[in-house]
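> quick one, what's the 3D model for this:
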Amino acid sequence: MKIASNDGDTGALKKRAVLLVLAALLIGVVAFLALRSPVTSTGAVTKVTIAVPAQINSALVFVAARQGLFLKAGVDVVSQPFELGKDALKSVLDGKADLAVVADTPVMFALLEGADIDMLAGISQGRRALAIVARSDRGISQIQDLRGKSVGVTMGTNLTYFLDAMLQVHGVPADKVNLADLRTDAVISAFKEGRIDAAVVFQPFLVKLETEMGDRIKVFYGEDVYAFRFMLVGKPSYIDSHPQEVRRVLNALIAANQAMLANPVEARRAVGEATKIDDATMAKIFEPEDYVVSLDQAMLLALDDQTRWAMQKGLVAPGPTPNYLNSMKYQNLEAVLPAAVTIVH
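From the prediction side, this is the model:
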């Protein structure tokens with residue numbers, strides 16, 4: 001099957017190689033320091049409810065739960081499963097969960113709309129976790145061919161930002177593409193049935209479409225355009241009043257990262273079981289280097305970029321870009337693993 005992407009560009013390949021090396025080094029540092037500070041419970045086990053999208057990007061939460069690392073750290077984690085991160089975030093905002101795993105774009109929208117939410121840590125960052133898929137029988141062989149075509153996407157998520165970023169990089173005006181706002185299952189069925197020409201899809205739906213439709217589709221990745229970030233967030237009122245529980249959760253996620261590096265096959269199977277993805281598919285899409293507990297400057301820059309995009313698109317009211325550092329409770333991660341915090345503060 002042909003994959004249409006920027007992989008043929010030598011400069012892009014070099015850039016990706018450098019990024020992967022840097023990611024591996026950071027993961028190594030985190031794992032080394034985590035080994036020096038083993039997770040142990042120092043008090044009574046307390047309950048924490050975490051809203052979690054059933055996606056591979058939530059892998060550290062799944063591994064920590066499966067291997068008993070939350071309990072070892074002193075927290076009894078109750079998981080609330082959701083399809084999307086924005087649904088998990090809503091659970092926290094509605095007071096139904098203590099913490100949530102969510103992508104950066106819904107967090108940006110929530111903060112711009114005045115929501116009371118703080119970021120605790122990034123827990124995953126992948127560059128091939130999503131892509132634009134297009135039907136070859138609609139004459140689409142490159143991104144530029146999306147002009148005048150219909151594209152299915154779930155609005156209010158990072159998928160929308162990714163699509164716009166890809167269109168901009170390839171010189172396609174966003175208003176020349178017809179968007180269909182659909183939930184994940186509806187996007188997949190509409191694409192397979194030919195009711196839309198293209199779709200923005202994340203894993204594991206992406207690899208399943210590639211397997212099922214073969215050379216009937218084109219796949220456009222955007223490794224050099226966008227990093228697919230997931231983070232752990234919560235309300236400031238909860239974070240400030242439960243510092244011990246928050247830090248125990250972070251310790252468990254750091255230990256999960258260590259366990260993932262030590263035994264990636266076992267971790268992969270734990271994630272596959274939690275997300276109901278068969279191991280053969282997981283072997284194709286699971287990349288241990290995509291997972292690390294951190295707060296870095298790139299996260300702040302990404303939020304700034306997405307804010308400018310949202311204002312330019314009229315998705316939010318125009319105004320100054322917020323100082324997102326004010327919504328990062330970096331002190332908690334800094335307390336358990338200082339090397340994981342590299343934002344300027």
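> rest of the way, CA atoms for contacts and neighbours
Fine.
> which residue ranges form the helices in the stretch 201-345 of the chain?
With helices called from DSSP state H, counting those that start in this stretch, the stretch 201-345 of the chain shows them at 205-213, 236-241, 243-262, 264-275, 279-285, 297-312, 330-336.
> which of those is buried the deepest?
helix 243-262 (a mean of 23; mean count of other Cα atoms under 10 Å).
> what angle do that helix and helix 264-275 make?
With axes from the mean of the first three to the mean of the last three Cα atoms, to 10 degrees applied, the angle from helix 243-262 to helix 264-275 works out at 120 degrees.
> helices or strands up against helix 243-262?
On a contact count with 3 or more Cα pairs under 8 Å, 6 or more residues apart in numbering; DSSP states H and E, helix 243-262 meets helix 10-36, helix 59-66, helix 69-73, strand 75-82, helix 264-275, helix 330-336.
> excluding chain neighbours, what is closest to L111?
I117 (6.9 Å; Cα to Cα, 6 or more residues apart in numbering).
> same deal with H345?
Closest residue to H345 apart from its sequence neighbours, by Cα to Cα, 6+ apart: L325 at 7.6 Å.
> burial check on V316, number of neighbours?
V316 has 15 neighbouring residues, counting by other Cα atoms under 10 Å.
> again but with K176, I slipped
Neighbours around K176, by other Cα under 10 Å: 13.
> shouldn't it be in contact with Q144?
No: taking contacts as Cα atoms under 8 Å, K176 lies outside contact range of Q144: 10.3 Å.
> between the helices and strands packed on helix 243-262, which gets the lowest average pLDDT?
When these are ranked by mean pLDDT, helix 10-36 comes last with a mean of 43.
> and the next helix or strand past that helix?
Scanning forward in sequence from helix 10-36 by DSSP states H and E, the next helix or strand is strand 46-53.
> list the helices and strands that next one packs on?
Judged by 3+ Cα pairs under 8 Å, 6+ apart, strand 46-53 is in contact with strand 75-82, helix 85-93, strand 99-103.
> mind putting the ones you listed in CSV, distance to L315 included?
Converted to CSV, these look like this (distance: least, Cα to Cα, whole Å):
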stretch, distance to L315
strand 75-82, 24
helix 85-93, 16
strand 99-103, 17
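> which stretch among those is buried most, on average?
Most buried among these, counting by mean count of other Cα under 10 Å: strand 99-103, with a mean of 29.
> partners of it in the sheet?
Strands that pair with strand 99-103, judged by DSSP bridges, come out as strand 46-53 (parallel), strand 228-234 (antiparallel).
> just these: most buried one?
Of all the strands paired with strand 99-103, strand 228-234 has the most neighbours on average by mean count of other Cα under 10 Å, namely a mean of 24.
> for that strand, C-alpha coordinates in CSV please.
The C-alpha atoms that make up strand 228-234 are tabulated as CSV, following Å, rounded to 0.1, in the frame of the first residue of the first chain:
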residue,chain,number,x,y,z
PHE,A,228,-0.3,14.5,19.3
ARG,A,229,0.0,15.4,23.1
PHE,A,230,-2.0,14.0,26.0
MET,A,231,-1.8,15.5,29.5
LEU,A,232,-3.1,15.0,33.0
VAL,A,233,-5.3,17.8,34.2
GLY,A,234,-7.5,18.7,37.1
